[in-house]
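Chemist: here is my input; please provide its structure:
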Amino acid sequence: MIKFPVLLFLLVFFVTDVSAASETGNIQFKVRSVTFDGVKNVKKENLVASLSVKERSVWKFWESSQSVMPQELKDDVLRIRQFYQARGYYQTTVSFDKKPVTHHFGTTRQKDPKGPPDAGVSGKPDIDIEYDVIFHIIEGPPVIIRQINFNCLCDIETESTKQLEKHLLFKPGDIFDSDHYDGSKRVVKKILGNKGYPFATIKGSARVDLNDHKVDIMFDVDPGPLYYFGKIFVSGNKGYVREKFIRRTITFKTGELYSDRKLDESRRNLFDLSIFKTAVISLGEPEKENKTLPVHIQVKKRKQQSVKLGIGYGTEDGVRLKGAWSYRNLTGRADKISLSAMRSDLIENVQGEYLVPYFLSAKNNLIAKSGFEREKSDYYTLRKVFSEVSVNRKLGSNWFSTIGYNLEINRPEDIKVDEDDDVLDDINQEDYRISSVKFDVEYNTVEDALNPKKGYVISFSFEDASGILGSEVDYIKPVVEAKTYFPLPFDTVLALRARFRTIKETEDTDYIPIYKQLFLGGSKTVRGYGYQELGVVKDGDVVTGVSGLSSFNANVEFRYPIYNDFSGVVFFDTGELDSESYRYNFNNLRYSCGAGLRYQTIIGPLQFDVGYKLNPAKSAISDDPELVDLADSDRWQFHLNIGQTF
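Modeler: Numbering: from 1, shown residues only. The predicted structure follows:
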């Protein structure tokens, strides 16, 4: 039995302990700002991202400050030390201060002198008081890599340890970084996996000498036995698609040296056929006698037919309606036929498309399409019957190309723009055949095409319409474009684009019809202007034409998060049209700026932008109503559309 004095002592102890905790560890307070003193050798934004206590984002001005407990600050001190240690700073010291914010608005609450320091009149914790938190950091000296050694447990037939060392994420003399250390082990395993060693194991050790601030790194490499691809088995197909078209997606053959990279490429190729509900490529039990790994492909077919309906709206093209029907694996060759129709205020289109994936090889796709289209512009109406055949080919990592042939019969109508000699050329009022070949090449490192945040795209395209091909309008049309996306702190992105286009008449053609000329202005080019409303502007800010034969436009965007799927942009756009081919006069550039809102959807971000002309044209060269409208257009433009500007 516990005696009364002992029971009284325990009761007093626990009550005192709970009371002390309420006074020191359970007082919740709000954090207005978090700053750092002494951060010199690491990226501050990465340090901020590792902490639990954060200040309110400037983009989320409507949110209240974060409420935290004192223990959370102590935990963040440990996180900061761990953050520095992972980057080679093992002797970093961290402390913090929190300073109360002086409010100059509202009624000051009377404090209860008997309550804790941050208590209101009731003696309960007051979470309305805000503090500025300052972390004081003394980084200390970094740990430097002194030497890197490999201990290979057996001979490597295809890769020497010297070659492996070249692929590591660090070298002697660098600051020791644990992420680079772990990443280097993965790199070595990946290299060996691509060289025929699927069961390689990589172990490492790092001996840190804090007296000399040095580290010696040792990698123990056991590549295991060398293997080759064995027999390839296909199951679950049940005659749905010809097996040779499944095997065509495979980038390796039986007897080839094993490669993780080729296995991953084959998985992507099989998935991209889009005719299977599930498609799995796995390895069987190794056959140790002949050093082969059998490969099992298991598929399950999906429904062959599908119907898609869509509706949308944009300030440029009004209400958009679209419907499509598709039939997969039409002939047992993994091919697909589609029929689609769409309409908007700008385009009415009905077309059929036939797709043959992995045409002749896993790197090629054949696409053939044909249909009717009606394009309605402020300056003309064009009726067109077209057919096009193209082959898309993956040239290598991030490299893509397209070569194709295009045939179209054009009938322009309702031409509203006079030429310089006040006479509409006959070419604008007759049916004309255009027969051309097209070529495109692109280098693309962007991962998310709908909402890119990192990488860049460089592309070049060329179209040649020639009388040799039976064309009645002859021209060449090159286009060069570059886009890049830089990720910045706080999940922001700086996006840049520049594009040059020109079109030049060739052979017997002495005039480019207006429906093949170039336009600028709108939500995807220069947002201070309406769709196709920038025009050709000469010296003196005079509008001389609605379209040109050369165009240049560039865009700068700063993209930042706001809340959940909402984000914002601020932008600066510029562009210029010239009436001559291959001519760019940057003295005539038009500038615009503005801001916008994005809402992320499954089909891309919803775009709302407000643009403002910085240097609009002041007059028109003639009293042509179309030119006068361009000179007198409003400085403000509002754009609603789907997708990023670029």
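Chemist: pLDDT on stretch 381-398, on average?
Modeler: Across stretch 381-398, the average pLDDT comes to 94.
Chemist: and that stretch, what's buried?
Modeler: Residues of stretch 381-398 classed as buried: 382, 383, 384, 386, 388, 390, 391, 392, 393, 394 (neighbour count, 16 or more other C-beta atoms under 10 Å). In short, each C-beta sits where N, CA and C put it, glycine included.
Chemist: the residues you listed: which two are farthest apart?
Modeler: The distance between the two most remote of these (C-beta to C-beta) is 35.8 Å, for 383 and 394.
Chemist: quick one on the thing from earlier: ok, so of the buried residues of stretch 381-398, who is nearest residue 360?
Modeler: The closest of those, once distances to residue 360 are taken by C-beta to C-beta, is residue 391, at 8.8 Å.
Chemist: got the contact list for that closest one?
Modeler: With contacts defined as C-beta atoms under 8 Å, 6 or more residues apart in numbering, residue 391 is in contact with 359, 364, 365, 366, 367, 402, 403, 404.
Chemist: likewise for residue 130?
Modeler: Taking C-beta under 8 Å, 6+ apart, one finds 29, 30, 31, 32, 65, 100, 101, 103 in contact with residue 130.
Chemist: domain assignment for this structure?
Modeler: Domain assignment for the chain by automatic domain parsing gives 25-138, 144-222, 228-301, 358-642.
Chemist: so which of those domains comes closest to residue 330?
Modeler: domain 228-301 (10.2 Å).
Chemist: from start to finish, how long is that closest one in a straight line?
Modeler: With C-alpha to C-alpha, to the nearest Å as the measure, domain 228-301 spans 30 Å from end to end.
Chemist: partners of whichever strand or helix holds residue 322, with directions?
Modeler: Residue 322 belongs to strand 318-328 when assigned by DSSP states H and E. Counting by DSSP bridges, the strands paired with strand 318-328 are strand 305-314 (antiparallel), strand 336-343 (antiparallel).
Chemist: only C-alpha atoms, please: export it in CSV.
Modeler: What follows is strand 318-328, C-alpha atoms only, in CSV (Å, rounded to 0.1, in the frame of the first residue of the first chain):
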residue,chain,number,x,y,z
GLY,A,318,-16.1,31.9,-78.6
VAL,A,319,-17.9,28.7,-77.8
ARG,A,320,-16.0,25.5,-78.7
LEU,A,321,-17.7,22.2,-79.4
LYS,A,322,-15.9,19.0,-80.2
GLY,A,323,-16.8,15.4,-80.6
ALA,A,324,-14.7,12.4,-81.6
TRP,A,325,-15.2,8.6,-82.2
SER,A,326,-12.2,6.2,-82.2
TYR,A,327,-11.8,2.6,-83.0
ARG,A,328,-8.6,0.9,-81.8
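Chemist: residues making contact with that strand?
Modeler: So strand 318-328 is in contact with 274-275, 302, 304-314, 334, 336-346, going by C-beta under 8 Å, 6+ apart.
Chemist: pull out the buried residues from the residues you listed.
Modeler: 275, 312, 314, 334, 336, 338, 340, 342, 343, 344, 346.
Chemist: mind listing what the first one touches?
Modeler: Which is residue 275. With C-beta under 8 Å, 6+ apart, residue 275 has these contacts: 240, 241, 301, 302, 304, 328, 329, 334, 336.
Chemist: just those residues now: which is nearest residue 378?
Modeler: Once C-beta to C-beta is applied, the member of the contacts of residue 275 that ends up nearest residue 378 is residue 336, at 36.8 Å.
Chemist: how far away is that closest one from residue 237?
Modeler: 17 Å (C-beta to C-beta, to the nearest Å).
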